[in-house]
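# Turn this into a structure:
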Amino acid sequence: MDQRTHLSIHPALVGAVVDLSDGAATVTLVGTDSMAADERGLVHGGFTFGLADYAAMVAVNDPFVVLGAAETKFLAPVRVGQTMTATATRSAQKGRKHTVDVVVRVDGADVMTGAFTAFVLDAHVLGDDGAAEG
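So this is what the prediction gives:
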């Protein structure tokens, strides 16, 4: 299956897709020095969240998918040098609304879990001219 969404995103920031099927995706991200929140090498949780969000969007795999909400739990810290693997699985779909469950693991241990609510729009969220509509 070909990836149809988030095609311009930089894999060093939110991960690289390693598996994709209908309603499911696996994405990996290595914690780098630039992600460290402190001198001990704690990876800022925003990068872990970004990985999970990206995996959820790829699981929906529509060019016009957007994140509407997320309920997440951080379960363990991530350190620079560790590889995070996010597994995203669509658990429900009602019209344009998709619920995607995501688990992020490091060395087989859960470090974050979440339920992401995504919506598929008719067109790009920024509109035709690339400017935010309001």
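
# quick one: Thr48 and Ser21, what's the gap?
For Thr48, the distance to Ser21 equals 23 Å [CB to CB, to the nearest Å]. In this view, the C-beta of every residue, glycine as well, is placed from N, C-alpha and C.

# Of the two, which one has the most company?
Neighbours per residue (other CB atoms under 10 Å) separate Thr48 from Ser21, with Thr48 holding more: 25 against 11.

# Disregarding residues adjacent in the polypeptide, which is nearest to the more buried one?
Leaving aside its chain neighbours, Thr48 sits nearest to Met112 (5.2 Å; criterion: CB to CB, 6 or more residues apart in numbering).

# Tell me how many other residues surround that neighbour.
Residues lying near Met112 (other CB under 10 Å) number 22.

# Can you name the residues bridging to it?
Beta bridges link Met112 to Phe74, Val104, judged by DSSP bridges.

# which residues does it contact?
Gly45, Thr48, Phe49, Ala52, Thr72, Lys73, Phe74, Leu75, Val102, Val103, Val104 (CB atoms under 8 Å, 6 or more residues apart in numbering).

# Make a markdown table from these and add distance to Met1 to it.
Listed next are these as a markdown table, based on distance: CB to CB, whole Å:
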| residue | distance to Met1 |
| --- | --- |
| Gly45 | 30 |
| Thr48 | 25 |
| Phe49 | 25 |
| Ala52 | 20 |
| Thr72 | 26 |
| Lys73 | 29 |
| Phe74 | 30 |
| Leu75 | 30 |
| Val102 | 18 |
| Val103 | 21 |
| Val104 | 22 |
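
# Which one of those is nearest to Asp2?
Comparing those against Asp2 with CB to CB places Val102 closest, at 21.1 Å.

# I'd assumed Ala88 was in contact with that closest one.
Yes. Look at Val102 against Ala88 with CB atoms under 8 Å: they come within range, at 4.6 Å.

# and the longest helix for the protein?
helix 45-60 (DSSP state H).

# Show me what that helix packs onto, helices and strands only.
Helices and strands touching helix 45-60, by 3 or more CB pairs under 8 Å, 6 or more residues apart in numbering; DSSP states H and E, are helix 11-14, strand 24-30, strand 65-74, strand 83-94, strand 97-106, strand 109-120.
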